[in-house]
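Asks: sequence first, predicted coordinates after that:
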Amino acid sequence: MKPRISMITLGVRDLDSAVDFYEKGLGLPRMESPPEVAFFTLNGTWLGLYGREALAEDAEVPAEGEGFEGFTLSHNVESENEVDELVAQAVAAGGKLVKKPGKVFWGGYNGYFKDIDGHLWEVAHNPMFWVGPRDEGA
């Protein structure tokens, strides 16, 4: 197996609101897609938004659930200032601040927000982790 995550699909309660959050609020580039799903291009992968109930049904699991889902989506940026800006942008778009950006024990800088469906995002600057053009196509 070649290690790769080709798509992340989030189950959302209101597709139109979720699309607004990611497209207009965070500025992700949206792809053409059928009306019951939305796709966004990321650097080497895609983000999909699909109805929470329908996604759970497809996986044959219950749709109910709250709290920590056992994972975070992480976005690494090139500076502490970019962490501050992106977390503020997400909150301005309707996201909920979970952890105010600040320095962390591992030598980096991060903050957390939840999107409008409660999906937990970390925005981080890790000075020991390269983020940039050489990631494309990886």
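Replies: Okay, I see it. Numbering: from 1, shown residues only.
Asks: how many neighbours does Pro34 have?
Replies: 7 (other Cβ atoms under 10 Å). Glycine gets a C-beta too; all of them are placed from N, C-alpha and C.
Asks: so it versus Leu15, what's the distance?
Replies: According to Cβ to Cβ, to the nearest Å, Pro34 stands 11 Å off from Leu15.
Asks: same deal with Leu55?
Replies: Leu55 is 11 Å from Leu15, by Cβ to Cβ.
Asks: go on, His75?
Replies: In this structure, His75 and Leu15 are 22 Å apart, going by Cβ to Cβ.
Asks: what separates the longest helix belonging to the chain from the chain centre, distance-wise?
Replies: For the chain, the helix that runs over the most residues, judged by DSSP state H, is helix 80-92. In terms of Cα atoms, centre = their mean, to the nearest Å, the centre of helix 80-92 is found 13 Å from the chain centre.
Asks: what is it packed up against?
Replies: Under the contact criterion of 3 or more Cβ pairs under 8 Å, 6 or more residues apart in numbering; DSSP states H and E, helix 80-92 touches strand 96-103, strand 109-114, strand 120-125.
Asks: for Glu60, find the nearest of those.
Replies: strand 120-125 (24.0 Å; Cβ to Cβ).
Asks: what pairs with that closest one, parallel or antiparallel?
Replies: In the sheet, strand 120-125 lines up against strand 73-76 (parallel), strand 109-114 (antiparallel) (DSSP bridges).
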